[in-house]
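**Q** coords below, sequence missing:
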């Protein structure tokens, strides 16, 4: 051994390093399960995984029938799929996840493609059609169809932004599952005209359609809830240029008219309780049919034509008040209510330019018919036909030009007393009262005497 090796420095010891795993920071990525196809002008956007929640699609129309598409799991979505040009139709179909949103945000463009939107059975799905340009510049000219599924709390809104309006010039069809329905809102916000629809609007299975005061539907409005199994409450505060047809379902239905209907209103209630409240203007006729325990409220309203009310055998309520105007004939028909039927021409200075025809059914409680003081009836005939449970007829308007025909069936079939009170009347066109033989009657003749043609049969 060489002694010199004793003085050589020892080699350095190698330090053993232990492995420590770490996480690398990556950029945030959204992976919505949505596919896109574009062929010959047809753009199709579909969800590929049917139960993903909060899938969002944003369509932004551009010039030349182009549309930009964004998707994502945030609202609004941020993943830009691209700008598709020369589009003739757009179909968007999402799945059954909850909280899906499909939005169309149109700027200052006229967008002609047909738009078809379908959402699945997830709860709280949303469809929004909005304008972002100046009023009259954001225009959808293609047909629009929206269908929602069986999720509770779904909504559809058109022109609800507070800063701009949206115009749709073709037919618009909105529908939902009959088990839950969907809430529909047209217009709103602070802009003067939020939504203009000119091609007609059809809505099926809605829990309520609200047409705001700053919206216009210049065509016809059809609401069909005939298969809806839940309650519905709707309001028309804006303007409908054409006719309105409303069909109720098996739940309770309520429709309030405070705006303007240029055409006629036809209300067909379901078997449950129905409520129609009118305080606005109907240009032509009003027709109401309801077999349930129904309520009709007519407050300071104007109808240019006839008002026809057909009620069933339940306990019904009719309320007329304020300075209402009916340009044609008012006809009221009610069934065999156990509680009896009660009708009055109401408080205030109401005007009926046509005839007044009232037909009540039978019941164990007396019916009541009253022409109140201040009511003006310009037609040639007032006709009342009562039931078998007793009837009370009171005329409190003083000077009248109409012929008054009263047909009574009182106590012969059901007991009770038939009562006619004309004590304050000073003028009639003519008077006819027909009663059944042997009925119990109560008669208050005009205090000032009878100076018009009069016929009594089995009366008093």
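**A** Yep, it's here. Quick caveat, the model's predicted, so the values are computed rather than measured.

**Q** tally of neighbours for residue 274?
**A** 28 (other CB atoms under 10 Å). The C-beta positions use only the backbone N, C-alpha and C, and glycine is treated the same way.

**Q** tally of neighbours for the residue lying closest to it once chain neighbours are set aside?
**A** Spatial nearest neighbour of residue 274, excluding adjacent residues (CB to CB, 6 or more residues apart in numbering): residue 290 at 4.1 Å. Neighbour count of residue 290, defined by other CB under 10 Å: 26.

**Q** where does the stretch 201-350 of the chain dip in pLDDT?
**A** Scanning the stretch 201-350 of the chain for pLDDT under 70 picks out no residues.

**Q** pull out the buried residues from stretch 61-81.
**A** 61-62, 65-67, 69-73, 77, 79, 81 (16 or more other CB atoms under 10 Å).

**Q** which strands or helices does the helix or strand where residue 57 lies pack on?
**A** Using DSSP states H and E, residue 57 sits in strand 56-62. Packing partners of strand 56-62 (3 or more CB pairs under 8 Å, 6 or more residues apart in numbering; DSSP states H and E): strand 66-72, strand 89-93, strand 101-106.

**Q** can you redo the ones you listed as a markdown table with mean pLDDT and distance to residue 138?
**A** Formatted as a markdown table, the helices and strands packed on strand 56-62 follow (pLDDT from 0 to 100; distance: least, CB to CB, whole Å):
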| stretch | mean pLDDT | distance to residue 138 |
| --- | --- | --- |
| strand 66-72 | 96 | 14 |
| strand 89-93 | 97 | 16 |
| strand 101-106 | 93 | 4 |
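
**Q** possible to save those strands as TSV with distance to residue 215?
**A** TSV is the format used below for the helices and strands packed on strand 56-62 (distance: least, CB to CB, whole Å):
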stretch	distance to residue 215
strand 66-72	24
strand 89-93	24
strand 101-106	16
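
**Q** quick one: which of these is nearest residue 240?
**A** strand 101-106 (23.0 Å; CB to CB).

**Q** residue boundaries of the helices in the protein?
**A** All helices of the chain, identified by DSSP state H, fall at 410-414.

**Q** in stretch 316-335, what's buried?
**A** Those would be 316, 318, 320-321, 324-335, for stretch 316-335 by 16+ other CB under 10 Å.

**Q** and those residues, which two are furthest apart?
**A** Largest pairwise distance in the buried residues of stretch 316-335, by CB to CB, is 28.1 Å, between 325 and 335.

**Q** returning to that earlier point: just the closest of the buried residues of stretch 316-335 to residue 364, please.
**A** Among the buried residues of stretch 316-335, and counting by CB to CB, the member closest to residue 364 is residue 335, at 13.5 Å.

**Q** list the contacts for that closest one?
**A** 311-314, 361 (CB atoms under 8 Å, 6 or more residues apart in numbering).

**Q** please tell me how far it sits from residue 210.
**A** Residue 335 is 32 Å from residue 210, where distance means CB to CB, to the nearest Å.

**Q** mean confidence for the strand holding residue 57?
**A** The average pLDDT within strand 56-62 is 95.

**Q** re the thing from before, determine which two of the contacts of residue 335 are furthest apart.
**A** 314 and 361 (11.1 Å).

**Q** what do those two both touch?
**A** 335, 337.

**Q** that older thread, could you dump the buried residues of stretch 61-81 to a markdown table with distance to residue 113?
**A** Below are the buried residues of stretch 61-81 laid out as a markdown table (distance: CB to CB, whole Å):
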| residue | distance to residue 113 |
| --- | --- |
| 61 | 8 |
| 62 | 12 |
| 65 | 6 |
| 66 | 10 |
| 67 | 7 |
| 69 | 13 |
| 70 | 17 |
| 71 | 18 |
| 72 | 22 |
| 73 | 26 |
| 77 | 20 |
| 79 | 22 |
| 81 | 16 |
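
**Q** of these, which is the nearest to residue 191?
**A** Using CB to CB, those come closest to residue 191 at residue 61, 19.0 Å.

**Q** report how many residues lie close to the closest residue to the closest one other than its chain neighbours.
**A** Of all residues not flanking residue 61 in the chain, residue 111 sits nearest, at 3.8 Å (CB to CB, 6+ apart). Residue 111: 25 surrounding residues under other CB under 10 Å.

**Q** may I have the residues that are in contact with residue 111?
**A** Applying CB under 8 Å, 6+ apart, the residues contacting residue 111 are 61, 65, 67, 139-142.

**Q** next one, pLDDT for residue 376 please.
**A** Taking residue 376 on its own, its pLDDT is 96.

**Q** residue contacts, it?
**A** Per CB under 8 Å, 6+ apart, neighbours of residue 376: 349-352, 397.

**Q** which of these count as buried?
**A** Buried among those by 16+ other CB under 10 Å: 350-352, 397.

**Q** of the residues you listed, closest to residue 342?
**A** residue 350 (16.5 Å).

**Q** residues contacting the closest one?
**A** For residue 350, counting by CB under 8 Å, 6+ apart, the contacting residues are 320-326, 374-376.

**Q** residue 423 now?
**A** Contacts of residue 423 by CB under 8 Å, 6+ apart are 444-447.

**Q** hmm, back to that, neighbour-wise, which one of the contacts of residue 335 leads?
**A** Busiest of the contacts of residue 335 [other CB under 10 Å] is residue 311, holding 28 neighbours.

**Q** next up, the contacts around that residue.
**A** Applying CB under 8 Å, 6+ apart, the residues near residue 311 are 290-291, 294, 332-335, 341.

**Q** and for residue 283?
**A** 260-264, 304-305.

**Q** got TSV for those, with distance to residue 237 and neighbour count too?
**A** Below are those laid out as TSV (distance: CB to CB, whole Å; neighbours: other CB atoms under 10 Å):
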residue	distance to residue 237	neighbour count
260	9	18
261	11	26
262	15	18
263	17	20
264	19	20
304	19	19
305	22	19
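
**Q** any weak-confidence spans in the stretch 351-460 of the chain?
**A** Low-confidence segments of the stretch 351-460 of the chain (pLDDT under 70): 410-415.

**Q** try it again at 80.
**A** 363-365, 389, 410-416, 437-438 (pLDDT under 80).

**Q** so for the residue nearest to residue 61, what's the pLDDT?
**A** So residue 111 comes in at 92 (pLDDT).

**Q** which one of the helices and strands packed on strand 56-62 lies closest to residue 276?
**A** Once those are compared by CB to CB, strand 101-106 is nearest, at 33.3 Å.

**Q** who are the packing partners of the closest one?
**A** strand 56-62, strand 126-131, strand 139-140.

**Q** the inter-axis angle of it versus strand 56-62?
**A** 10 degrees (axes from the mean of the first three to the mean of the last three CA atoms, to 10 degrees).

**Q** so what touches strand 101-106?
**A** 54-61, 75-76, 92, 94, 115, 117, 119, 125-133, 138-140, 166.

**Q** pairing partners for it, with directions?
**A** strand 56-62 (parallel), strand 126-131 (parallel) (DSSP bridges).

**Q** and it, how far out from the chain's middle?
**A** Relative to its chain's centre, strand 101-106 lies at 23 Å (CA atoms, centre = their mean, to the nearest Å).
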